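J.: Here you go, sequence then predicted model.
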There are 4 protein chains.
Amino acid sequence: MIAECGLEGVNTNSIARRAGVGVGTFYRHFEDKHAFLRACMAEGLESLQADLLAAQAATAGAEVREQVRASLVAFVGFAVRDPARFRLMFSLGHSLSPRFRGGRGLSHRAVERALYGMQERGDVDPGLNPAVAARAFTAAQSQAVLWWLQDPDAPEESDLIDTLVRLHPAIACRI
Amino acid sequence: MIAECGLEGVNTNSIARRAGVGVGTFYRHFEDKHAFLRACMAEGLESLQADLLAAQAATAGAEVREQVRASLVAFVGFAVRDPARFRLMFSLGHSLSPRFRGGRGLSHRAVERALYGMQERGDVDPGLNPAVAARAFTAAQSQAVLWWLQDPDAPEESDLIDTLVRLHPAIACRI
Amino acid sequence: MIAECGLEGVNTNSIARRAGVGVGTFYRHFEDKHAFLRACMAEGLESLQADLLAAQAATAGAEVREQVRASLVAFVGFAVRDPARFRLMFSLGHSLSPRFRGGRGLSHRAVERALYGMQERGDVDPGLNPAVAARAFTAAQSQAVLWWLQDPDAPEESDLIDTLVRLHPAIACRI
Amino acid sequence: MIAECGLEGVNTNSIARRAGVGVGTFYRHFEDKHAFLRACMAEGLESLQADLLAAQAATAGAEVREQVRASLVAFVGFAVRDPARFRLMFSLGHSLSPRFRGGRGLSHRAVERALYGMQERGDVDPGLNPAVAARAFTAAQSQAVLWWLQDPDAPEESDLIDTLVRLHPAIACRI
DNA sequence: AATGAATGAGATTTCATTCAT
DNA sequence: TATGAATGAAATCTCATTCAT
């Protein structure tokens, strides 16, 4: 039931109707509206995380650029497969209680850690603050995809991905 | 009156109370809630735009890096000076009617145009899609600043700016 | 199953759960919620009535005071044995449909009749309206016991009974 | 607005409609439904208390029987003047959260204290537990009046009062 | 017969907007 | 013009009842 949630008119009635169940049924499954959205995000997060880990695993020994590209392909793939949830995780989620960081919290850490490692190995500009760069890139990625999803004259998917790859700190600020 | 709007509980009653006027007065000045927020954003946009133009003018002939840095200093300065409005323009604005792109629409165009120019002059990676890159950087910039504004253990302002400078497509993807 | 009904959250779901059966099963046994409560009360009423009759029978020829005391001992004994049902009969029952007088209807009649008899025999204050007195005493009795059941610093059971005996119209208004 | 509340269908909509205001207006005046009922009871309590004090003052030096009668006349008068509120205070109030003792808490104390005094002066049966007797009489009084208010073939008001006077512990258990 | 997930009417509550003062 | 009490449509949530398994 979470799986099918579209969420344009995000109110309990439409959520329920859209899911094809009665209002009461909704409240049998979720404590309240927030609980539902949290669950919806959490599910998406888990799924996205799995996709990203798979992409990472598949490019384990490869060049950094390949790793980054694989992650982006997975990320965009997720967005295309479930745009409603993607919007929830990366856009609507923001306006919920500030505790729910939506999907934003997801990759920070991973990117941040990777950048630290690369800095130590001298592969990346030491002037970069990894925390800032990680958050900035995560936002760039998600917002660019959000725009791309709904703008009718957005470029090709490959253009999107190619550009984002080039903007990833590990690529753009490589030494 | 627009100027002083804080907007935690963004409902007309609190907006009015917070602005120190009656609800009725609020509706004397603005068609409706959306009109107010639009006006609030527009005012901010204009102010921010002025700051950015000033920064640009002040670094007219200088190196690209200096120009980018000056813009970022202006951007962060604006956020620090009026964080409530900044949040409205770059975070809350998203969840409003999709027509109001908030502050996001602001710099796209400028960055996009600049990137086109640099690509033509062969100064920047031709693999970059300027529309994507511009939007991505704009999002990176605004979201990073949003985070920096409210995270108590965010880094120094200079770290923030230095890092964002290095991530700007015109710098990061320079040839 | 009726027997075990505790009823703090008096809604069909908790009633069923508390009784250890499914909601559906509940509706197999009772027309609806009201029917259940009616049945629950009726069962209690019957049981209480039996206790009172037994007490009466056991003190058939004795002094009025002994008869009254025996009834009160039975009444309090019932309350102690099944406080949840007692509460239903004498407290919650009131807020149900006004037709269900709960346990209150029970003793009126008996007390009323007894008072009539005593008045005719000249044993009791003729200024007493038996209908009023009977209802008043019934309420006094049940509400006092309700309070006594749940107030942690209520007096001894014997104090409760001794006092109620002395307040019974047949004792208090004896000539 | 509290003053005019009839409350048969005690739900916020009917309360508001019955008071001749919109639903929203209701919530401008009261935090929530419970707050309203509490306020409604509190107002009634205060009014009743004033009536009782006046009755007491008016019969200050008189015989106990006169004092008791005056209180009862005041009590019944209150019930007749505002039966809806009386029902709320002494019947519906019970089924609210157990914290709201409704009107029941009102006279206990006064009666209890009076009985203690009379016991010390040797005017009243020392076998009476004042706490029990006070609560019992309070309940007798209120429940008898409730019944009297709504039973079409209830006796005259004077019968009601005469009988309750005779049942008051200070009269009935006088030595 | 027993079950409990599903239901939806109805109760509570919020909030953008109006309007009499 | 400024005000804020009043409004009611719409949102959230509850719970007695049904029905497919």
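T.: Alright, I've got the coordinates.
J.: residues touching A:Val10, list them.
T.: Residues near A:Val10 by C-beta atoms under 8 Å, 6 or more residues apart in numbering or on different chains: A:37, A:92. Yep, even glycine has a C-beta here, placed from its N, CA and C like the rest.
J.: Can you give me the distance of it to A:Arg87?
T.: 10 Å (C-beta to C-beta, to the nearest Å).
J.: what does A:Glu156 give?
T.: For A:Glu156, the distance to A:Arg87 - C-beta to C-beta - is 21 Å.
J.: okay, these two: which has more neighbours?
T.: Between A:Glu156 and A:Arg87, counted using other C-beta atoms under 10 Å in any protein chain shown, the more crowded position is A:Arg87 (19 against 10).
J.: what sits against the nearest residue to the more buried one once chain neighbours are set aside?
T.: With C-beta to C-beta, 6 or more residues apart in numbering or on different chains as the criterion, A:Arg87 has its nearest non-adjacent residue at 6.7 Å, and that residue is A:Leu146. Contacts here follow C-beta under 8 Å, 6+ apart; on that basis A:Leu146 touches A:79, A:86-87, A:90-91.
J.: What distance do you get for the residue in chain A that chain C sits nearest to to C:Leu37?
T.: Using C-beta to the nearest C-beta, the single residue of chain A nearest to chain C is A:Arg28, 11.0 Å away. Using C-beta to C-beta, one obtains 25 Å as the distance from A:Arg28 to C:Leu37.
J.: Neighbour count: those two, which is higher?
T.: Each of A:Arg28 and C:Leu37 has its neighbours counted (other C-beta under 10 Å); C:Leu37 has more, 24 against 8.
J.: Centre of the chain to the helix or strand containing the more buried one, how far?
T.: Here C:Leu37, judged by DSSP states H and E, is contained in helix C:33-58. With C-alpha atoms, centre = their mean, to the nearest Å as the basis, helix C:33-58 stands 8 Å off its chain's centre.
J.: tell me what that helix is packed against?
T.: helix C:12-18, helix C:64-81, helix C:83-87, helix C:104-120 (3 or more C-beta pairs under 8 Å, 6 or more residues apart in numbering or on different chains; DSSP states H and E).
J.: so what secondary structure elements neighbour the shortest one?
T.: For helix C:83-87, the contact count by 3+ C-beta pairs under 8 Å, 6+ apart identifies helix C:33-58, helix C:130-150 as packing neighbours.
J.: residues of that helix that come out buried?
T.: In terms of neighbour count (16 or more other C-beta atoms under 10 Å in any protein chain shown), helix C:83-87 has its buried residues at C:84-87.
J.: try the second one
T.: Of the residues in helix C:64-81, those buried under the neighbour-count criterion (16+ other C-beta under 10 Å) are C:64, C:67-76, C:78-79.
J.: With stretch A:14-21 instead?
T.: A:15-16, A:19.
J.: where's A:Gly127 relative to C:Val23, distance?
T.: For A:Gly127, the distance to C:Val23 - C-beta to C-beta - is 66 Å.
J.: Let's have the helices and strands packed on helix C:83-87 in TSV, adding mean pLDDT.
T.: Shown next, in TSV, are the helices and strands packed on helix C:83-87 (pLDDT from 0 to 100):
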stretch	mean pLDDT
helix C:33-58	91
helix C:130-150	93
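J.: Out of those, which one sits most buried?
T.: Mean neighbours per residue, mean count of other C-beta atoms under 10 Å in any protein chain shown, is largest over the helices and strands packed on helix C:83-87 for helix C:130-150, with a mean of 24.
J.: so that helix versus helix D:130-150, what angle?
T.: Interaxial angle of helix C:130-150 relative to helix D:130-150 (axes from the mean of the first three to the mean of the last three C-alpha atoms, to 10 degrees): 130 degrees.
J.: Do any residues in the least confident helix or strand in chain A by mean pLDDT lie close to chain B?
T.: Lowest by mean pLDDT, DSSP states H and E among the helices and strands of chain A is helix A:105-120, with a mean of 84. No: Helix A:105-120 is not in contact with chain B by C-beta under 8 Å from any C-beta of the partner chain; minimum separation 9.3 Å.
J.: Which residue would be the closest one in chain A to DNA strand E?
T.: A:Gly24 (1.5 Å; C-beta to the nearest atom of the strand).
J.: before we move on, the earlier item: okay, the helices and strands packed on helix C:33-58 in a markdown table with distance to B:Ala133 next?
T.: Compiled in a markdown table, those are given as follows (distance: least, C-beta to C-beta, whole Å):
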| stretch | distance to B:Ala133 |
| --- | --- |
| helix C:12-18 | 57 |
| helix C:64-81 | 80 |
| helix C:83-87 | 71 |
| helix C:104-120 | 81 |
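J.: Could you export those helices as a markdown table, including distance to DNA strand E?
T.: Formatted as a markdown table, those follow (distance: least, C-beta to the nearest atom of the strand, whole Å):
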| stretch | distance to DNA strand E |
| --- | --- |
| helix C:12-18 | 7 |
| helix C:64-81 | 26 |
| helix C:83-87 | 21 |
| helix C:104-120 | 26 |
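J.: Run through who's touching stretch A:122-129.
T.: In contact with stretch A:122-129 (C-beta under 8 Å, 6+ apart) are residues A:64, A:115, A:118-119, A:169-170, A:173-175, B:155, B:159-160, B:162-163, B:166-167.
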